[in-house]
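In: Give the three-dimensional model of this entry:
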Amino acid sequence: MLRSVLGLIALFSLGACGDAPFDLDAGASPALGAAYVRQRGCAACHQSGDTSFGELSGQEVPFAGTLVYGSNLTPDVLTGLGNWSDVQIIRAMIAGVDDQLAQLCPPSPHLGDLSELEARSIVDYLRTLPPVYRADVPASLCPPLKPFLPDLSVAGSDDGGTP
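Out: Numbering: from 1, shown residues only. Presented below is the predicted three-dimensional model:
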């Protein structure tokens, strides 16, 4: 709850910096999505140091110590999100899976705290970016992914044994 309140305060403070204030009751919008993208720092992973390639068009240099590259988030159909549905983009942000439901490489964050308004606004914003074809962004080579194994050692469990 506190994180949501702080996020809203940050968005409204963006309005004080020269951007128009947002009417959150108006629903999702590309302008609101752009503010969320700046707030989340998406460009740190999905923006090349050479901005002539285009906004959020991916990185051709891997993250330090990995072979993982920030992907192209523009609506290019060959190298970006152009063939992804809105639900697939939202699922990638929240659950960390791609359009084929394969797990995204770490260090891709799972943004489980996204509100519906934030998720839909980010998608609306990404759809407004000019499509950028980026064949020079290599495919990521993920480190071995560990399967999720729940912790079954619950203190005080009623399994008939001693705790």
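In: Centre-most residue in the chain?
Out: The centroid of the chain falls nearest to Met93 when counting by Cα atoms, centre = their mean (4.1 Å).
In: quick one: the helices in this structure?
Out: 2-16, 30-40, 43-46, 86-95, 116-128 (DSSP state H).
In: Nearest residue to the residue nearest to the centre of the chain in space, please, no chain neighbours.
Out: Leu111 (4.9 Å; Cβ to Cβ, 6 or more residues apart in numbering). For every residue, glycine as well, the C-beta is placed using N, CA and C.
In: my guess is the one you found meets Cys42, correct?
Out: No - in this structure Leu111 lies outside contact range of Cys42 using Cβ atoms under 8 Å: 9.9 Å.
In: Of those two, which one has the most company?
Out: When neighbours are counted by other Cβ atoms under 10 Å, Leu111 and Cys42 differ, and Cys42 comes out ahead with 21 against 18.
In: Which residue, other than its chain neighbours, is closest to that one?
Out: Leu56 (6.4 Å).
In: got a list of what the one you found touches?
Out: Val37, Cys42, Ala43, His46, Gln47, Asn72, Leu73, Thr74, Leu126, Leu129 (Cβ atoms under 8 Å, 6 or more residues apart in numbering).
In: Perfect, I'm done here.
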